[in-house]
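Student: What follows is a predicted structure for the sequence shown.
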Amino acid sequence: MLSQAPLLGFITASNTSHDRHNTVLYSPPKQKNSLFKHGDSFSAATMAARSVKFGHTLQFGDSQVAQPVPVNLTASPNKAAAQNPFSVAVPPPEKVAEEQFPLKPPNELKQLFQKNQAIVYALNIRTFGAHDDNKDGHISPELGESGTFRSAIPKLDELKDLGVNCIHLLPINPIGEKQRLGEAGSLYAPSDLHSINPEFGTLEDAKAFVQAAHQRGIKVMVDVPSCASTDLAEQHPELIKRDENGNPRVPTTWKDIQMFDNGPEVQAYYEPFFSLMANKVGVDGFRCDVARARDQAFWKHFTSKYSDKAWLAESYCEEDQSPLQNIPRDTPEKFLTHGFDSIYGQFHIFPGMTNANEYRDYLLSSHAMFERAGVLRDNPPKSFIGSFLTHDDPSLMGKGGALMCILSSGLMTTQPYTNPYILDGFTTGFKGDFDIFRFSPRPTGNDPEIGRFMKQMLDLRKAYEPIFSQGTFIPIPTKGGANNQIIAFARQTPVEEMGKSNQPPKTLLIVANKDVNADESATLMIPGLKENQPLKNLAPDYGGLSWMKASNNRLDVKLSPGRFYVFEINTPDLGKKLASYSGN
């Protein structure tokens, strides 16, 4: 489990910021004083802070390589602070008034999230179940062609075959009529949170869909809308947040919705929603849209009341302020300490990351956030979803084509503390925007190789369970490669599993070229690697030819564009050896 397995981290310079949503990668308050010294042990929060401040690397001729610094990411930060004057103390979680609800045993979906074993597939019933019966290229609801719960059921076998065990069901409530966007209206502009959208079917139809998913071993997580349609706002003006002039607060560019206020009235309005979905529809969890729009008292109430359910917050990373008008700043660690099991990873910005270090440092800084929140010490393990593409994002096909989709699939199935997340249409290379506004056919592209790669990677992930879900994460230092595009890390048998057999821990090496347009080279520093190490790629083959050469303690690679590889290597002491690595 992530709460038990120590994690060796190696940090280098990356004062990373991203334009999307005007967010920045969070780092704790920076400390003064001296540099990292080889052999020092720090909390992850300290490392994230100081790597940004000092930006240290080792110099190898005209190339740079990260100075490896060992850190046990499961150690108590407060204990580390007592031992090390440069450690960053973890602030206590925000206090919220406790309500007395009986603690329920976690259901199967919650346990999947806690073990990083959820394979999530996001879909819109309106398009997923659509069928163009007259073959005119349009979906006509008056002809019964728009998707419903019943028409979606036969397609669940496809998800089971892919390896999916959880559906993220986009909102299924009735949609407002006034100021609606698109002829069908946004799924996130509900006119009523207390009933099922009749365009999708009846309550019995919704129950039948969930039951059909359960029969296939697939759990269902339903979306929780965060805002009110204009219709709902007019029906319940007392629930709407207003500015100093009494005008309703509307998020930037969202003209069809208004913001709910916070307080007991809004909480009371949501009570029938959660009861309907949990007790009648029978869902296994909740995906909470724009979770920061509700205060922590609201979420603490419902996550405690439905403590057996899985909880996923649409929350990405710490922000100094929200870039969206009338939306509060995002503070994901507060959700993780107030009942949520998982948050969104900031992976939708992966194509815009300029180099491999930014990706690696984001993984490490995010684990530092988990440590700050204390969740790895005091609560069940928390996680990301591998949200390289969501319904809010432009298709990855426009950011590198099928190679970018395949590369993203490889990373989300092998990177640490991640539950893979697949948007409907992704596995076929759908090129358009995901439609939540119109009566549209199911999103489909012309690149089935993406789906084949994803399925084989999910099979590989299962075959090497629990290494990919809960194993130790070891970033691999690299040198050479002027563009710094080679991603390299290892996953190793979880520490708690090592004593269960006489076998040495398995080490899986992941190597990828982030650049989908050009060959890239680097030398990977892998203490303990032998020159006779067989290199058999466990990942599906695709793309151009690459070159690799194993030597003692190193691996030289030249990878073709967007290539992704997984190798099992005989380096059982890799973590220990990297902890004392000198860069030679």
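Tutor: Done, it's in.
Student: C-alpha from now on. contacts and neighbour counts both.
Tutor: OK.
Student: Can you list the buried residues in stretch 152-168?
Tutor: A152, I153, L156, L159, L162, G163, V164, N165, C166, I167, H168 (16 or more other C-alpha atoms under 10 Å).
Student: Compute the first-to-last residue distance for that stretch.
Tutor: 14 Å (C-alpha to C-alpha, to the nearest Å).
Student: from the chain's centre, how far out does that stretch sit?
Tutor: 20 Å (C-alpha atoms, centre = their mean, to the nearest Å).
Student: And the average pLDDT for that stretch is what?
Tutor: The average pLDDT for stretch 152-168 rounds to 98.
Student: hang on, the earlier thing: pull the most distant pair out of the buried residues of stretch 152-168.
Tutor: Greatest spacing in these, by C-alpha to C-alpha: A152 and G163 (17.4 Å).
Student: and the buried residues of stretch 152-168, which of them are in strands?
Tutor: C166, I167, H168 (DSSP state E).
Student: Closest one to L193 out of those, please.
Tutor: Nearest member of these to L193, counting by C-alpha to C-alpha, is H168, at 17.6 Å.
Student: If you drop the residues flanking it in sequence, what lies closest to that closest one?
Tutor: Take H168 and drop its neighbours on the chain: the residue closest to it by C-alpha to C-alpha, 6 or more residues apart in numbering is A122, 4.4 Å away.
Student: now swap in W547 and tell me
Tutor: K558 (5.1 Å).
Student: centroid residue for the protein?
Tutor: I385 (2.4 Å; C-alpha atoms, centre = their mean).
Student: what secondary structure does that residue sit in?
Tutor: Here I385 is recorded as strand under DSSP: H, G, I helix; E, B strand; the rest coil.
Student: Wait, it touches P420, no?
Tutor: Yes - if you go by C-alpha atoms under 8 Å, I385 and P420 touch, sitting 5.8 Å apart.
Student: anything in contact with each of those two?
Tutor: Counting by C-alpha atoms under 8 Å, 6 or more residues apart in numbering, I385 and P420 have no contacts in common.
Student: Beta-bridge partners for the nearest residue to K219 once chain neighbours are set aside, please?
Tutor: For K219, ignoring the flanking residues on the chain, the nearest one in space by C-alpha to C-alpha, 6+ apart is C166 at 4.5 Å. Beta-bridge partners recorded for C166 (DSSP bridges): V120, K219.
Student: Pull up the gap between C166 and Y316, please.
Tutor: C166 is 20 Å from Y316, by C-alpha to C-alpha.
Student: Could you list the single helix or strand in this protein with the lowest mean pLDDT?
Tutor: When the helices and strands of the chain are scored by mean pLDDT, DSSP states H and E, strand 58-60 comes last with a mean of 27.
Student: chain center to the strand or helix carrying S365: distance?
Tutor: Assigned by DSSP states H and E, S365 belongs to helix 356-373. How far helix 356-373 lies from its chain's middle: 13 Å, per C-alpha atoms, centre = their mean.
Student: that older thread, next one: the residue nearest to the centre of the chain relative to Q117, how far apart?
Tutor: From I385 to Q117 the distance is 10 Å (C-alpha to C-alpha).
Student: Name the residues contacting each of the two.
Tutor: With C-alpha under 8 Å, 6+ apart, I385 and Q117 have common neighbours N419.
Student: now the ones in strands among the buried residues of stretch 152-168 in TSV, with distance to A189?
Tutor: Output for those, formatted as TSV (distance: C-alpha to C-alpha, whole Å):
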residue	distance to A189
C166	24
I167	21
H168	18
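Student: Which one of these is nearest to I569?
Tutor: C166 (32.0 Å).
Student: how about the nearest residue to L403, chain neighbours excluded?
Tutor: G562 (5.5 Å).
Student: Now the one you found: which helix or strand?
Tutor: Per DSSP H and E: nothing holds G562, as it lies in no helix or strand.
Student: Against F468, how distant is it?
Tutor: 21 Å.
Student: Repeat that for N537.
Tutor: N537 is 16 Å from F468, by C-alpha to C-alpha.
Student: Then I343?
Tutor: 19 Å.
Student: With S151 instead?
Tutor: Counting by C-alpha to C-alpha, the gap from S151 to F468 is 35 Å.
Student: before we move on, what about M498?
Tutor: Relative to F468, and taking C-alpha to C-alpha, M498 is found at 15 Å.
Student: just to revisit the earlier point, so if I had to pick from N537 and F468, which one is more boxed in?
Tutor: Comparing N537 with F468 by other C-alpha atoms under 10 Å, the one with more neighbours is F468, at 27 against 14.
Student: what about the helices in the stretch 251-400 of the chain?
Tutor: Assigned by DSSP state H, counting those that start in this stretch, the stretch 251-400 of the chain shows helices spanning 264-275, 296-305, 332-336, 356-373, 375-378.
Student: could I get these as TSV with mean pLDDT, distance to V516 and mean neighbour count?
Tutor: Shown next, in TSV, are these (pLDDT from 0 to 100; distance: least, C-alpha to C-alpha, whole Å; neighbours: other C-alpha atoms under 10 Å):
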stretch	mean pLDDT	distance to V516	mean neighbour count
helix 264-275	98	44	15
helix 296-305	95	41	19
helix 332-336	85	31	23
helix 356-373	84	13	23
helix 375-378	56	35	18
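Student: Could you point out which of those helices sits nearest V566?
Tutor: Here helix 356-373 is closest among the helices of the stretch 251-400 of the chain (C-alpha to C-alpha), at 16.8 Å.
Student: other SSEs contacting that closest one?
Tutor: helix 44-54, helix 332-336, strand 486-492 (3 or more C-alpha pairs under 8 Å, 6 or more residues apart in numbering; DSSP states H and E).
Student: rank the ones you listed by pLDDT, which is bottom?
Tutor: Among those, helix 44-54 scores lowest, with a mean of 29.
Student: quick one, the helix holding S365 and strand 486-492 angle?
Tutor: 40 degrees (axes from the mean of the first three to the mean of the last three C-alpha atoms, to 10 degrees).
Student: Restrict helix 356-373 to CA atoms and write it as CSV.
Tutor: Only the C-alpha atoms of helix 356-373 are listed here, as CSV (Å, rounded to 0.1, in the frame of the first residue of the first chain):
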residue,chain,number,x,y,z
ALA,A,356,10.6,15.1,-19.0
ASN,A,357,11.7,16.8,-15.8
GLU,A,358,8.4,18.7,-15.6
TYR,A,359,6.5,15.4,-15.7
ARG,A,360,8.7,13.7,-13.1
ASP,A,361,8.6,16.7,-10.8
TYR,A,362,4.9,17.0,-11.0
LEU,A,363,4.6,13.4,-9.8
LEU,A,364,6.9,14.1,-6.9
SER,A,365,5.4,17.4,-5.9
SER,A,366,1.9,15.8,-6.0
HIS,A,367,3.1,13.1,-3.6
ALA,A,368,4.4,15.9,-1.5
MET,A,369,0.9,17.3,-1.4
PHE,A,370,-0.4,13.9,-0.2
GLU,A,371,2.2,14.1,2.5
ARG,A,372,1.3,17.6,3.4
ALA,A,373,-2.3,16.6,3.8
